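Peer 1: Sharing a model prediction with you, sequence too.
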Amino acid sequence: MSSPRILFGFHAVGVRLKTAPASVIEVYADPTRRDARMKQFLVRAADAGVRVIEADAARLTKLCGGAGHQGVVARVQALEGVRTLAELLDDVQEAGAVPLLLVLDGVTDPHNLGACLRVADGAGAHAVIAPKDHAAGINATVAKVASGAAETVPYFMVTNLARTLGELKERGIWVIGTSDDAEQTLYQADLKAPTALVLGAEGLGMRQLTRKTCDALVRIPMQGAVESLNVSVASGVCLFEARRQRLASA
């Protein structure tokens, strides 16, 4: 069994209590916080049969490594999910669903990763994929920013991103990269087919090999003075355009 991990913040801990209460070892809560949100949270923890330990702000900060805990920290067991990307795609395609994937190339900031997971969950993406090198992994900060999505969206870190994209293409998944200099706009692309949307780090964009591996490149048409969007915002724009197209054709 893997070592326990830390979750903090109302959303991250609350989602775990809702979706997998048996995996929550214990919850630490600040007794000085007595507002309605905390009272509702403590009721949820009690209903789930989870032990709640009173802890002051200093202890909570030490447990999670930062001050953004909102008065709530939990020790949890890692969830056993889908073992491989291939298994996930087999399940998706066997269920008759159309794969929608988000690929992040070079996103190293945990806040950006957490926000990307959150929009991926909201848009119904089946997974987020990133390279093992030059990418953020899942930690407590990612889980908090993701507001529970780190528990619901599979996140695969792969050894060779270009090879993985090639394997997606062999499965009939269209690999579409985003680039400011692309001729085609996002809204001109057909995203109703099985699709993997590839976004690079803000400013740097995709690596050259990743770019060459894509089937097509698209750009988000910008109307104002700024030249680009934060990667999590851009991910949301792209994923929800794919969702819009699929709903419109249903």
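Peer 2: On my side now, so go ahead. Numbers count the residues shown, from 1 in each chain.

Peer 1: the longest helix in this protein is where?
Peer 2: helix 231-249 (DSSP state H).

Peer 1: What lies in contact with that one?
Peer 2: 98, 100, 102, 104, 107, 112, 115-116, 118-120, 122-125, 178, 186-187, 190-192, 195, 197, 199-202, 220, 228-229 (CB atoms under 8 Å, 6 or more residues apart in numbering). Backbone N, C-alpha and C define where each C-beta goes, glycine included.

Peer 1: Which of these are buried, as a PyMOL select command?
Peer 2: Filtering these down to the buried ones (16 or more other CB atoms under 10 Å) takes a single PyMOL command:
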select buried, resi 100+102+104+107+112+115+116+118+119+120+123+125+178+186+191+195+197+199+200+201+202+220+229
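
Peer 1: Among the contacts of helix 231-249, which are located in strands?
Peer 2: 100, 102, 104, 178, 195, 197, 199, 200 (DSSP state E).

Peer 1: Do a quick rundown of the helices in this structure.
Peer 2: Assigned helices in the chain, in chain order: 10-19, 36-47, 57-64, 85-94, 110-123, 140-146, 149-152, 161-170, 208-213, 231-249 (criterion: DSSP H).

Peer 1: What does the pLDDT read for residue 117?
Peer 2: Residue 117 is assigned 96 on the pLDDT scale.

Peer 1: how deep is it tucked in, by neighbour count?
Peer 2: 30 (other CB atoms under 10 Å).

Peer 1: Next, the contact list for it, please.
Peer 2: Taking CB under 8 Å, 6+ apart, one finds 128, 142, 146, 149, 150, 153, 155 in contact with residue 117.

Peer 1: Let's have those in a markdown table, adding pLDDT, distance to residue 170 and neighbour count.
Peer 2: As requested, the contacts of residue 117 are exported to a markdown table (pLDDT from 0 to 100; distance: CB to CB, whole Å; neighbours: other CB atoms under 10 Å):
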| residue | pLDDT | distance to residue 170 | neighbour count |
| --- | --- | --- | --- |
| 128 | 97 | 20 | 24 |
| 142 | 91 | 30 | 23 |
| 146 | 89 | 30 | 29 |
| 149 | 86 | 28 | 25 |
| 150 | 86 | 29 | 25 |
| 153 | 91 | 23 | 22 |
| 155 | 94 | 22 | 23 |
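
Peer 1: out of the helices of the chain, which comes closest to residue 79?
Peer 2: helix 149-152 (6.9 Å; CB to CB).

Peer 1: what packs against that closest one?
Peer 2: With contacts defined as 3 or more CB pairs under 8 Å, 6 or more residues apart in numbering; DSSP states H and E, helix 149-152 has these neighbours: helix 10-19, helix 110-123, helix 140-146.

Peer 1: Make a markdown table from those helices and add distance to residue 216 to it.
Peer 2: Output for those, formatted as a markdown table (distance: least, CB to CB, whole Å):
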| stretch | distance to residue 216 |
| --- | --- |
| helix 10-19 | 35 |
| helix 110-123 | 20 |
| helix 140-146 | 29 |
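
Peer 1: Pick out the residue closest to the middle of the protein.
Peer 2: Closest residue to the average C-alpha location of the chain: residue 117 at 1.7 Å, with CA atoms, centre = their mean.

Peer 1: I'd like the distance between it and residue 132.
Peer 2: 17 Å (CB to CB, to the nearest Å).
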